[in-house]
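>>> Provided below are the primary sequence and the corresponding predicted coordinates.
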Amino acid sequence: MPASPGHRSPSRFVLPLNESILRKERFNIGQIFVQRCIVIMTLITGLNMLLITGASGRIARRAAALLAQKGYSLRLMTRHPQQAPAVDGAEVVRGDFAEPATLDGAFAEVSAALVISGSGKPGERAQLHRNAFEAAVRARVGHVVYLSLQGASPRSKYLYSRDHSLSEQYLAATGLPYTVLRNAFYLDMFLEKFDVEGVMRGPANETRGAFVSREDAARTAAAVLANPPGGTHDVTGPEALSLAEVARRFSALTGRQLRYQSESGESGRERLRKREEASWRVDLAVGWFEAIAAGELEHTSDTVFRFTRKEPMNIEQYFTLFPELSQSLRLAQDKDSGS
Ligand SMILES: NC(=O)c1ccc[n+]([C@@H]2O[C@H](COP(=O)([O-])OP(=O)(O)OC[C@H]3O[C@@H](n4cnc5c(N)ncnc54)[C@H](OP(=O)(O)O)[C@@H]3O)[C@@H](O)[C@H]2O)c1
């Protein structure tokens with residue numbers, strides 16, 4: 001029967017079977033493409049979010065800057081958002097280990113978190129870190145990187161090392177995947193160790209320490225946060241030095257007469273008690289040297305190179321690269337000489 005005007009053959013409306021399937025497949029391919037884009041966007045903006053705590057601190061700032069340069073999505077947690085570093089594209093949130101309620105938002109939808117050890121009295125810090133780890137558990141964070149200290153042990157001569165040891169135990173107990181970076185004492189610490197006469201006193205004897213630059217510690221933390229390896233790693237400088245050697249090397253670097261004078265733990269405590277009331281501060285200051293004397297920070301490791309593909313810097317390389325850091329030591333000399 002011939003088709004009347006306005007009446008179209010059904011064949012023009014019903015797609016041939018194979019064409020219908022093709023259209024359906026095209027629709028499915030489009031849908032899959034859209035879904036994949038959503039997954040990628042989620043990964044980029046959400047699940048791949050890296051959290052760094054203590055964002056106004058020196059290690060955190062540097063680690064954040066390095067990761068931002070590489071395009072990572074960052075959330076910076078700080079107790080003082082107005083002091084947070086300006087990092088392109090980074091989200092800034094207020095968070096304090098001492099206020100657990102502030103931590104849930106900070107740890108939400110984070111793939112990996114760098115928990116920078118906070119400040120506090122010995123014996124109290126581990127509890128602060130535990131609050132952070134518990135928030136990470138609630139938020140199901142994929143991996144926690146904790147910044148600890150070389151020689152962390154319940155029997156350490158240095159009170160903070162005992163806190164770090166306890167913090168590490170709390171972290172392990174969470175069941176979350178984790179990496180512990182046990183930083184050696186920073187080379188930067190020596191900038192505050194010499195008195196106005198250029199003498200560093202303390203009971204470290206002739207034992208060596210594998211001191212590391214803050215820069216290498218920050219670079220290692222950034223690399224590990226981006227690609228967490230798991231495990232516990234000592235982060236050290238390239239060589240182990242006695243404090244007498246450290247003083248000689250700083251003397252050559254700054255042109256100032258600097259020296260190390262060993263003393264007993266008892267005379268160290270007695271000397272410091274005259275100007276420091278809090279006995280735990282005295283114990284910390286003397287314990288820093290005693291931990292070195294006990295060989296707690298003596299061993300070098302290849303961690304910096306393994307994770308950053310760059311050898312750690314020695315004293316000369318570090319303070320030549322960042323001359324402003326050792327300015328305080330040079331200025332002290334200018335004051336001594338009245339200039
Ligand atoms: N290996 C060593 O020789 C050595 C020497 C010094 C320190 N350390 C340890 O290494 C860590 C990092 O070193 P750094 O040089 O970057 O120290 P830093 O410049 O003193 O920064 C530490 C940051 O920790 C954050 N913080 C303190 N209390 C906190 C709390 N209750 N809750 C959350 N965050 C808190 C603060 O950040 P916000 O103000 O932004 O919250 C602070 O800026 C230190 O925190 C310390 O535990 C090691």
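Yes, it's here.

>>> For residue 188, see how far away the residue of the stretch 201-339 of the chain found nearest the ligand is.
Residue nearest to the ligand within the stretch 201-339 of the chain: residue 214 (5.7 Å; Cβ to the nearest ligand atom). Quick note: C-beta positions are derived from backbone N, CA and C, even for glycine. Using Cβ to Cβ, to the nearest Å, residue 214 is found at 5 Å from residue 188.

>>> same thing with residue 313?
Distance, residue 313 to residue 188, using Cβ to Cβ: 12 Å.

>>> out of everything not next to it in sequence, what's closest to whichever residue of the chain sits closest to the ligand?
Minimum separation of the chain from the ligand (Cβ to the nearest ligand atom) falls at residue 57, amounting to 2.1 Å. Leaving aside its sequence neighbours, residue 57 sits nearest to residue 116 (Cβ to Cβ, 6 or more residues apart in numbering; 5.9 Å).

>>> Ok, residue 217 next?
residue 183 (4.9 Å).

>>> so residue 61 makes contact with residue 85?
Yes: using Cβ atoms under 8 Å, residue 61 is in contact with residue 85, at 4.5 Å.

>>> what is in contact with the two at once?
Taking Cβ atoms under 8 Å, 6 or more residues apart in numbering as the contact rule, residue 61 and residue 85 both touch residue 55.

>>> what sits opposite the residue nearest to residue 194 when sequence neighbours are not counted in the beta ladder?
The shortest distance from residue 194 to any non-neighbouring residue, by Cβ to Cβ, 6+ apart, is to residue 200 (5.0 Å). Beta-bridge partners of residue 200, counted by DSSP bridges, are residue 260.

>>> what's the burial count for residue 200?
21 (other Cβ atoms under 10 Å).

>>> OK, contacts around it?
Residue 200 touches 190, 193-194, 243, 246-247, 258-261, counting by Cβ under 8 Å, 6+ apart.

>>> how near is the residue sitting nearest the centre point of the chain to residue 180?
In the chain, the residue lying closest to the centroid (Cα atoms, centre = their mean) is residue 221, at 4.6 Å. From residue 221 across to residue 180, the span is 11 Å (Cβ to Cβ).

>>> same question, residue 204
25 Å.

>>> Could you do residue 136 as well?
14 Å.

>>> quick one: which of the two has more around it?
With neighbours defined as other Cβ under 10 Å, residue 136 and residue 180 compare such that residue 136 has more, 26 against 23.

>>> I'd like to know how far the more buried one sits from residue 186.
As for residue 136, its distance to residue 186 is 26 Å (criterion: Cβ to Cβ).

>>> what's the answer for residue 134, then?
28 Å.

>>> residues from the stretch 51-200 of the chain in reach of the ligand?
Within the stretch 51-200 of the chain, the positions adjacent to the ligand are 53-60, 78-80, 96-98, 116-119, 128, 147, 149, 183, 185-186, 189 by Cβ under 6 Å from any ligand atom.

>>> Now with 5 Å, please.
Proximity of the stretch 51-200 of the chain to the ligand, by Cβ under 5 Å from any ligand atom, involves residues 54-59, 78-79, 96-98, 116-119, 183, 185-186.

>>> Report the buried members of those.
54-57, 59, 78-79, 96-97, 116-118, 183, 185-186 (16 or more other Cβ atoms under 10 Å).

>>> among those residues, which are in strands?
Members of these lying in strands (criterion: DSSP state E): 78, 183.

>>> which of the buried ones among the residues of the stretch 51-200 of the chain next to the ligand sit farthest apart?
Spanning the widest gap among those are 96 and 185, at 26.0 Å by Cβ to Cβ.

>>> where in this protein is pLDDT low?
Where the chain drops to pLDDT under 70, the residues are 1-47, 331-339.

>>> related to what we said a few turns ago, for the buried ones among the contacts of residue 200, write the corresponding ChimeraX selection.
The ChimeraX selection below is limited to those of the contacts of residue 200 classed as buried (16+ other Cβ under 10 Å):
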select :190,193,194,243,246,247,258,259,260
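
>>> quick one: which of the contacts of residue 200 sit in helices?
Counting by DSSP state H, the contacts of residue 200 place 243, 246-247 in helices.

>>> Which of the three states applies to the closest residue to residue 149 other than its chain neighbours?
Distance criterion Cβ to Cβ, 6+ apart; nearest residue to residue 149, sequence neighbours excluded, is residue 164 at 4.6 Å. Going by DSSP: H, G, I helix; E, B strand; the rest coil, the secondary structure assigned to residue 164 is helix.

>>> I'd assumed residue 148 was in contact with residue 164.
Yes: here residue 164 reaches residue 148: they are 4.3 Å apart, a contact under Cβ under 8 Å.
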